[in-house]
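S.K.: Got a sequence here, can you model it:
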Amino acid sequence: QVQLVESGGGSVQAGGSLRLSCLASGRTFSSYAMGWFRQAPGKEREFVVAISSGGAYKNYTDSVKGRFTISRDNAKNAVYLQMNSLKPEDTAVYSCAAGLRPYYWGTNPEDFGSWGQGTQVSVSS
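M.R.: Presented below is the predicted three-dimensional model:
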């Protein structure tokens, strides 16, 4: 089981930027795909982006393409989410997640086996 801890959330105005970090411990981080999900009040959890174990492949949901960038540093057991041009509709609790098993990834919550506690991102208009 991997433990995940997010940081970097906060409140910004529309058009602003935030960088989320997720630090992992507990197993071989570099073997696992990582993802970011978000959940707004009263809404279902939503896939944002995933990155393959080595970092070569990335899959973004359409609403964040061109604005968000995922990256990872396997030497630091960390994954990052750079969020630019933020919009009020990006407001949510953002959670990072580790793939269900080595080298496996997807875009559904069921494809991920470990989750962080989440960090709040609030964007005002």
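S.K.: Now that we're looking at the residue nearest the centre of the chain, what pLDDT does it have?
M.R.: Central residue of the chain (Cα atoms, centre = their mean): Trp36, 2.2 Å from the mean position. If you check Trp36, the pLDDT there is 98.
S.K.: Over to Arg27?
M.R.: 65.
S.K.: Equivalent analysis for the one 4 residues further on, please.
M.R.: Reported pLDDT at Ser31 in the predicted model: 92.
S.K.: what's the spacing between it and Gly8?
M.R.: 24 Å (Cβ to Cβ, to the nearest Å). (Glycine included, C-beta is placed from N, CA and C.)
S.K.: And Gly42, by the same measure?
M.R.: 24 Å.
S.K.: Look at those two and report which has more neighbours.
M.R.: The residue with more neighbours, out of Gly42 and Gly8, is Gly8; 16 against 5, by other Cβ atoms under 10 Å.
S.K.: helix, strand or coil for the closest residue to the more buried one other than its chain neighbours?
M.R.: Of all residues not flanking Gly8 in the chain, Leu20 sits nearest, at 4.2 Å (Cβ to Cβ, 6 or more residues apart in numbering). For Leu20, the assignment made with DSSP: H, G, I helix; E, B strand; the rest coil gives strand.
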